[in-house]
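Colleague: kindly return the folded structure for what I paste below:
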Amino acid sequence: MNINMNHLPLGSISQIEEFLKSNKTLEMEIISTKDKYEFIKIVLLKTKYKKLTKKEKILTIKYLKFLTGYSKSHLKKLIKKWRKSLLYFNPIKKKNKFHSVYSAEDIARLIETDVAHNCLSGQATKEIMEREFKVFKKTNFENISHISISHLYNLRNHNRQYQSSDAMSFRKTNATQVNIGLRRKPRPQGKPGYLRVDTVHQGDYMGQKGVYHINLVDEITQFELVATVEKISEKYLRPVVLEILKLFPFMIYEFHSDNGSEYINKVVSELLNKLHIELTKSRSRHSNDNALVESKNGSIIRKMFGNNFINQKYAETIYEFDKKYLNIYLNYHRPCGFAENQIDKKGKIFKKYNHWMTPYEKLKSLENAKQYLKETFTFEILDKIAYAKSDNEFATEMMESKRVLFSKFEKHE
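Modeller: Take a look at the predicted model:
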């Protein structure tokens, strides 16, 4: 109930003590916030709070707590303000409430995309959501497809709906000194068919070697194919390299690797010679020569398969997954950034990623792109693969297949 302050003791400590003893069971409280502040100031002033003993101060705070309903810690903050002459009632102004641009449904579409694609970069994610709306005609992506990159990261980092969603949950190759392959940087001159290749080893365990992932990336289109083999030897490497080279839809002119002996050897050299493909290798102290595929090793292979040991007996099963899901996803459903060289005010060259598209879209965007295709491929055939399912639909299907694949490892290890 509200109280008439004229009937309350304000300045006498003895009266305050007597009041508390006689009103222990009564529910007495000042309702108005303005009246509470005025009451606190009057009591502190008339009791000369600054000069009270510790016991008297405790009694005064108990009295104020009884009548205002404020906690002890809150009252101490108000007393601290009173000491600095800063205690006054300031009614909270009504703040303008801005209309929320992105609804819970829009956030759900972002979560759906991130879960399906394992949380790609902001630009790639935006590109996928735009494709869901524009290419695959999914109207529920219309609003979220207009989101800015910076705000996309704001939602990932601060939105409660996103934060509580499922979206939140190398041994180096040895250089060889054999005189095989030309030591130079690839020079594609805007043409597809110049591949960068590297190998990712899936760990060791108790003296056992894990599987090996062969990663081939085209420099111009970023068209990428992954193959998993049991061992890096002629028996396993030759048939897989031969098969995977045939899966590229365009002609291959150059095969570039670092100086690792798994590719700089007579077996690979003879194989490439038969296919009229030139073998090149990275130059000494030029780490950028093979940087494209090495960056893909981390952003794709390691992200997809992790760092843990996978027994070599599963190599064939994983390779089937690569062909059926991973390679299709990488080339037809996962946008890549394509850099442009720009010069700053100091004359320094830097790269800017203004263009984002899937490797297949990049291939189609090349001038007179049909001239690069092999005879067994046409864009009509490739379109059926690219647009059979939306980016999110295919990515979700791939992640479910990956879950089943990894469950087999857990059962057998």
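Colleague: per-domain residue ranges of the protein.
Modeller: Here the domain parsing of the chain from automatic domain parsing is 5-83, 104-163, 182-369.
Colleague: can you pull out the helices in the stretch 201-350 of the chain?
Modeller: 234-247, 266-274, 291-296, 303-305, 315-321, 327-332 (DSSP state H, counting those that start in this stretch).
Colleague: and for the fifth one, what are the contacting residues?
Modeller: The reference is to helix 315-321. For helix 315-321, the external contacting residues (C-beta atoms under 8 Å, 6 or more residues apart in numbering) are 211-212, 227-230, 236, 240, 305, 310, 401-402, 405, 408. Just so you know, the C-beta spots here come from the backbone N, C-alpha and C atoms, and that holds for glycine as well.
Colleague: dump the C-alpha coordinates for stretch 63-79 into CSV.
Modeller: Provided in CSV are the C-alpha atoms of stretch 63-79 (Å, rounded to 0.1, in the frame of the first residue of the first chain):
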residue,chain,number,x,y,z
TYR,A,63,14.5,1.0,7.3
LEU,A,64,14.8,2.3,3.7
LYS,A,65,14.7,-1.3,2.4
PHE,A,66,11.6,-2.0,4.4
LEU,A,67,9.6,0.9,2.9
THR,A,68,11.0,1.2,-0.6
GLY,A,69,11.3,-2.5,-1.5
TYR,A,70,14.8,-1.9,-2.9
SER,A,71,17.6,-4.4,-2.3
LYS,A,72,20.5,-3.6,-0.1
SER,A,73,22.9,-3.4,-3.0
HIS,A,74,20.6,-1.0,-4.9
LEU,A,75,20.2,1.2,-1.9
LYS,A,76,24.0,1.4,-1.5
LYS,A,77,24.3,2.6,-5.1
LEU,A,78,21.6,5.3,-4.5
ILE,A,79,23.4,6.4,-1.3
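Colleague: pull out the buried positions in it.
Modeller: In terms of neighbour count (16 or more other C-beta atoms under 10 Å), stretch 63-79 has its buried residues at Tyr63, Leu64, Phe66, Leu67, Thr68, Tyr70, Leu75, Leu78, Ile79.
Colleague: I'd say Ser269 and Lys281 touch.
Modeller: No - contact between Ser269 and Lys281 fails when scored by C-beta atoms under 8 Å: they sit 10.7 Å apart.
Colleague: what residues are up against Val43?
Modeller: Applying C-beta under 8 Å, 6+ apart, the residues near Val43 are Leu10, Gly11, Tyr49, Thr60, Tyr63, Leu64.
Colleague: picking that back up, between Ser269 and Lys281, which one's more packed in?
Modeller: Neighbour count, other C-beta atoms under 10 Å: between Ser269 and Lys281, Lys281 has more, with 22 against 16.
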